[in-house]
Structures are given as C-alpha cells and as structure tokens.
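Asks: quick one, what's the 3D model for this:
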Amino acid sequence: MPKRSAALLVYRLGDELGLEVLIGHMGGPFWAKKDARGWSIPKGEYEDGEEPLSAARREFGEEMGSPPPDGDLIELGDCRQSSGKVITTYAVEGGFDLGGFHSDTFAMEWPKGSGRIQEFPEIDRADWVPFERAGELLVKGQVPIIAALREALLAKGVRVDPR
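Replies: Got it, this is the predicted structure:
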C-alpha cells in the first residue's frame, strides 16, 4: 500500500493577477537555497481510517499556522508522485493573511553525521503566487494538482486568467 498524503490548496481570483494559489517553501537545509521546485501545497501523511479531508485541514493548520478558510470545497482527486506516494487534494477559495504565518517544526541531525539534532520549520515561508508562477515553483509532482484546479474552475465557468 503506498503512503498517502492529503492536501488543501487555497486559491483566490483577482482581476489583475487571475488565479493565485497559496503555497509554502519547504523548510530545512535541503531546500534552503532552492527556489524553483522547492515549494509545496500544504499537505501531510495520514493513517488508515482517517478521513483525507480532516487530515488536509489539520496539516494546513500545522504548516501555515492557522486553520484553512471555510468555503465550498473542490475535490481535485488523487495525484501519484514519482515516489509512489498518493496525494488526495481539495481546494477552497479564500483568504489567508501572510502576517500570521508560522509553521510547525521537525527535528533532524544536521549537519549529517554530526550528532547534532536541530529544529527546522516544515515550511519556512508562504506566499500567494499566480497560477503560472506556481507551476515553476512547486515540486514537479504537484504541478498536475494546480492544473486540475484550473481545469475544475474553467469547467464551472469561472474566469481564471487576468483581465
């Protein structure tokens, strides 16, 4: 059975920038100097028996520092990563104040082999980015998720491109 993660993608629509998504730059030393392909949709693993949506909401809160906005959810389905992990993603339109951003941390030995355990944020910064830019920043395996959001909105007749 592959590992499973649940994600919640928050988006907003504006006249000037069109579709924007909220993403986070992954924390820790491996990602510190990487911008392109160093960003992620807020997500995390969940256990058998846990509802993916509950996990997605929990993980959003842990990684972004506050609960996700309420609103009508769009189920974006499953996306298999090159590692075999499957991400179940939901999207919701809403706001998020970047001033309140703070992320949970994780511990790891760093530098490797040093015996020193250090704490790093799961997500070290977050930002609203236009759809096209998100496709350049997100880790490659998550790009189909934002494409699925765009297609779902277009199917509903929502204008997603800037004016």
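Asks: max-length strand in this structure?
Replies: With secondary structure taken from DSSP state E, the chain has its longest strand at strand 4-14.
Asks: list the neighbouring strands of that strand plus their orientation.
Replies: Sheet neighbours of strand 4-14, with direction, are listed as strand 18-26 (antiparallel), strand 43-45 (antiparallel), strand 86-93 (parallel) (DSSP bridges).
Asks: make a markdown table from the ones you listed and add distance to residue 153 to it.
Replies: (C-beta placed from N, C-alpha, C; glycine too.) Shown next, in a markdown table, are the strands paired with strand 4-14 (distance: least, C-beta to C-beta, whole Å):
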| stretch | distance to residue 153 |
| --- | --- |
| strand 18-26 | 7 |
| strand 43-45 | 20 |
| strand 86-93 | 9 |
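Asks: of the ones you listed, which is nearest residue 163?
Replies: strand 18-26 (7.9 Å; C-beta to C-beta).
Asks: neighbouring contacts of stretch 67-83?
Replies: Identification of contacts with stretch 67-83 by C-beta atoms under 8 Å, 6 or more residues apart in numbering yields 2-3, 8-10, 53, 57, 60-61, 86-96, 140-142, 144-145, 148-149, 152-153.
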